[in-house]
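*Asks:* turn this into a model:
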Amino acid sequence: PGSDRGPAARSEARRQSRRHWRPLPSARLLLVSLVALYLRRVCSNTETDRVYWANFATGAIQRSGTDGQGVQTVRTIPGSYIRALVLEEENCMMYYADRNAIMRMTIDGASDPVKFVDLAGDDAVAMWRDTAANVLYWTTGTASKIQRIALIGVNPAVQQMSTRDTGYVMGRSGIAVDNSVSPVRVYWSDTDLKYQIAKQTWGTSDEDYWLDDFDNPDYIFSPGALSIDHTSRSLYYTDTSLRQIFKISLDEPKSVSAKVTTIASVLGSPQGLWVDGDSSSLYFTDKFRGSVSKIDLRDNSVTWTIDVGGSTVQPISVVLMNASRLHPYCFTTTTTTMTRTTTTKTITTSTRTTTTTSTLTATTTTETTTTTSVTTTTTSTKTVTSTTLTQTSTTRTISTSTTSSTSTSSATTTTDTTTTSTKTSSTTFSSTTSSSSSTTSTSSMTSSTTSTLTSTTTSTSSMTSSTTSTLTSTTTSTSSMTS
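*Replies:* Numbers count the residues shown, from 1 in each chain. Model prediction:
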């Protein structure tokens, strides 16, 4: 009972209860959420809106700020012919059309491109992403197909919308999707057999030749890229033959007197097109002039132009990266890659230093061993010669001199470490062989002389005289050789 516990016991109980206190689950969850929010703000990237474009001739993807400054090459893909470019900022991905496939890689260009959709021999000439549903649309140039695929889900299937001209070569070069209606409405441009901009609701057959050169020859002849501004509900398009950029309302009905507005004129060959309604800006590429430009839609004035390398580069597609949709970790890969590269270089330098030191040490050891071998052989030869005969000793002395001369020559050619080792080894073998032969001959001579002295004592004088004559002759020859 509480009445039985003294003040000291109650104080200890309170101390123990505080020691084992833990926050409630809801408090822990709130704490984790606050920490996560803080880290997201701290770790979020500092990227702003960027303009991306693809150069058809060089296979390079580049970008700059919306002010035209800070041009960077995101990635160059050798051997590619990029026709269209689309960004998926939420997942840090970039998609581009290259001949018979749609490829993808990370938005910072750090990862290697991988095939996303195999077009089975056809080629995508224009692409569009429905940002609300995250669906990628494209049109092909050979079979004039209009297809789409979801960028979310597991193994999404490619879907196709049939039009009147599917399967024929219509020279399609642009596509845009109006997702403000349901089902979505698809717009595309044709520049072969028919010169028009058509539209059709997905899943239906209500194809409409909306704007063509027959009814509006002053505003359409070879329509190219398309772009939709959902803020003003307007469709923008380029015309490579008229060399202009036009605008028409999405709600404009098909008529002879369609209300078309000219945005820009006297261009080279406008190809790529992108409209940002929130900032009243339009971006386009000029293939012949090799440039990327920005137009202020409030007065249709050109704000800036970037020369990306002239007509040989052929910038063909342009798209705006919306930084507000960008995942906070999209551009952290670049920093990590640079750090890894630096570490690799350091390891390589260390390896080279170790290898060089080992080689030099091994060479020095070899030279020392060879020198020792030569010295031992020479000493052995001298000892055997002295024991056998005085005259022969004189001859061996001459041989020793010859050996010394050879050694001197070897010492002179010490320019190359490897060559010196080889020559020294050869000298050693020659000296050893010569010494062996001399020893054998001396032994034979000794044995023969001993037998002769034992058998015939009487002829000792004559052999001595003969030997002396021979020795004199030998000495004369030796003197000549020595000279």
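
*Asks:* low-confidence ranges, the stretch 151-300 of the chain, go.
*Replies:* Applying pLDDT under 70 to the stretch 151-300 of the chain picks out no residues at all.

*Asks:* how about the strands in it?
*Replies:* 159-161, 174-178, 185-192, 194-201, 208-212, 223-229, 234-239, 244-249, 260-264, 270-276, 281-286, 291-296 (DSSP state E, counting those that start in this stretch).

*Asks:* the third one pairs with which strands?
*Replies:* Put plainly, it is strand 185-192. strand 174-178 (antiparallel), strand 194-201 (antiparallel) (DSSP bridges).

*Asks:* quick one: contacts of the helix or strand Met105 falls within?
*Replies:* Assigned by DSSP states H and E, Met105 belongs to strand 101-106. Strand 101-106 has contacts (C-beta atoms under 8 Å, 6 or more residues apart in numbering) with 75, 92-97, 111-119, 124, 127, 136, 138, 330, 333. Bear in mind the C-beta positions are built from the backbone N, C-alpha and C, glycine included.

*Asks:* pull up the pairing partners for the next helix or strand after it, direction included.
*Replies:* Where DSSP H and E defines the elements, the next helix or strand beyond strand 101-106 is strand 114-118. According to DSSP bridges, strand 114-118 has the following sheet partners: strand 101-106 (antiparallel).

*Asks:* mind exporting the partner strand as CSV, just the C-alpha atoms?
*Replies:* Only the C-alpha atoms of strand 101-106 are listed here, as CSV (Å, rounded to 0.1, in the frame of the first residue of the first chain):
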residue,chain,number,x,y,z
ALA,A,101,13.3,1.7,-81.4
ILE,A,102,12.4,4.0,-78.5
MET,A,103,15.3,4.2,-76.1
ARG,A,104,15.4,5.5,-72.5
MET,A,105,18.1,6.6,-70.0
THR,A,106,18.2,8.7,-66.9
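
*Asks:* next, the buried residues of it.
*Replies:* Ala101, Ile102, Met103, Arg104, Met105, Thr106 (16 or more other C-beta atoms under 10 Å).

*Asks:* repeat that for stretch 310-327.
*Replies:* The neighbour-count criterion (16+ other C-beta under 10 Å) identifies Val313, Gln314, Pro315, Ile316, Ser317, Val318, Val319, Leu320, Met321, Leu326, His327 as the buried residues of stretch 310-327.

*Asks:* can I get the residues you listed in CSV including secondary structure and distance to Ile306?
*Replies:* Below are the buried residues of stretch 310-327 laid out as CSV (DSSP: H, G, I helix; E, B strand; the rest coil; distance: C-beta to C-beta, whole Å):
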residue, secondary structure, distance to Ile306
Val313, coil, 11
Gln314, coil, 14
Pro315, strand, 9
Ile316, strand, 15
Ser317, strand, 15
Val318, strand, 11
Val319, strand, 15
Leu320, strand, 14
Met321, strand, 16
Leu326, coil, 22
His327, coil, 27
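
*Asks:* list only buried entries from the contacts of strand 101-106.
*Replies:* 75, 92-97, 111, 113, 116-117, 119, 124, 127, 136, 138, 330, 333.

*Asks:* next step: the residues you listed restricted to strands.
*Replies:* Among the buried ones among the contacts of strand 101-106, the members found in strands (DSSP state E) are Arg75, Met93, Met94, Tyr95, Tyr96, Ala97, Phe116, Val117, Ala124, Met127, Leu136, Trp138.

*Asks:* find me the pLDDT at the residue lying closest to the second one once chain neighbours are set aside, would you?
*Replies:* Once its chain neighbours are removed from consideration, Met93 has its nearest residue in Arg104; the separation is 5.6 Å (C-beta to C-beta, 6 or more residues apart in numbering). Reading off the per-residue confidence, Arg104 sits at a pLDDT of 97.

*Asks:* please report how far Arg104 lies from Phe284.
*Replies:* Per C-beta to C-beta, to the nearest Å, Arg104 is found 24 Å from Phe284.

*Asks:* among the strands of the stretch 151-300 of the chain, which is nearest Arg63?
*Replies:* Closest of these to Arg63 is strand 291-296, at 9.9 Å (criterion: C-beta to C-beta).

*Asks:* in its sheet, what does that closest one sit against?
*Replies:* Sheet pairing of strand 291-296 (DSSP bridges) gives strand 281-286 (antiparallel), strand 301-307 (antiparallel).

*Asks:* show me which residues of the longest one are buried.
*Replies:* Of the residues in strand 301-307, those scored as buried under the neighbour-count criterion (16+ other C-beta under 10 Å) are Ile306.

*Asks:* begin at 59 from here
*Replies:* Noted, 59 is the first residue going forward, which turns the last one into strand 359-365.

*Asks:* now the closest residue to Lys173 other than its chain neighbours: how far from Trp186?
*Replies:* Of all residues not flanking Lys173 in the chain, Ala159 sits nearest, at 5.0 Å (C-beta to C-beta, 6+ apart). Between Ala159 and Trp186 the distance, using C-beta to C-beta, works out to 18 Å.
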